[in-house]
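Enquirer: I would like the atomic coordinates for the input below:
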Amino acid sequence: MKYGLPNGKTIQISDKEIENYMKTLELSQIEAIELWLTDHDYEVNEEQEELNEKAKAVKIQHDAASTETRKKSEKPRTVKVSDEKKELFSTILQNLIRCNGVESENIKVLTENKLIEVKIGEKTFKVDVIECRNKKK
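Expert: Now for the predicted structure:
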C-alpha cells in the first residue's frame, strides 16, 4: 500500500503489517496506519512522547544495595560444647604442658574448649579442636 505524507512524500507500507495490527490490536485501518507511521518515526504521537520522557527521567541502579541496616538477632548465640570435647581439650592441654621443649608460659588458650597456641623455639603452632556433626538421616 502506498501512503502519502503531508509533506508530499509517498511511502510504501506493508499490507501484512497493517492487517496484523488490525487483527491483533483490534484497530481500524486508519488507526493501524497511524500506529505504523508513529512506530517508524514518520509521525509524532504526543502521548507516546510524554511516556518516553517519564521513562527517561527514572534512573535505575542495577547494582543498588539496600540502605537499611540489617537488624541483628536479639537472642544471644549459645554454643553447646559436649563433655567429650571438654575432656579432649583438657587432655591435650595437659599433655602439651608435659611435652619436652614446651614451657607453660608459651602455651595460650585463645578460645576455651577450641583453640590453643603453642610456641616452641621460634615457631608458633595452633591446635584447633573441632567436633563434627553427625550426618542427617
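
Enquirer: Now for Lys108: which residues touch it?
Expert: Ile116, Glu117, Val118 (C-beta atoms under 8 Å, 6 or more residues apart in numbering). Any C-beta I mention is one placed from the backbone N, CA and C, and that applies to glycine too.

Enquirer: Which of those are buried, as a ChimeraX select command?
Expert: Entered in ChimeraX, the line below selects the buried ones among the contacts of Lys108, by 16 or more other C-beta atoms under 10 Å:
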select :116,118
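
Enquirer: from the contacts of Lys108, which ones fall inside strands?
Expert: Ile116, Glu117, Val118 (DSSP state E).

Enquirer: and which of those residues is nearest Gly101?
Expert: Each of the ones in strands among the contacts of Lys108 was scored against Gly101 by C-beta to C-beta, and Val118 proved nearest at 10.0 Å.

Enquirer: Now that closest one. Nearest residue, chain neighbours left out?
Expert: Distances taken as C-beta to C-beta, 6 or more residues apart in numbering put Phe125 closest to Val118, at 4.8 Å, once the chain neighbours are dropped.

Enquirer: A helix includes the one you found, no?
Expert: No. Phe125 is assigned strand when assessed by DSSP: H, G, I helix; E, B strand; the rest coil, not a helix.

Enquirer: quick revisit: take the contacts of Lys108 and lay them out in TSV including distance to His40 and pLDDT.
Expert: Shown next, in TSV, are the contacts of Lys108 (distance: C-beta to C-beta, whole Å; pLDDT from 0 to 100):
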residue	distance to His40	pLDDT
Ile116	78	93
Glu117	76	94
Val118	80	93
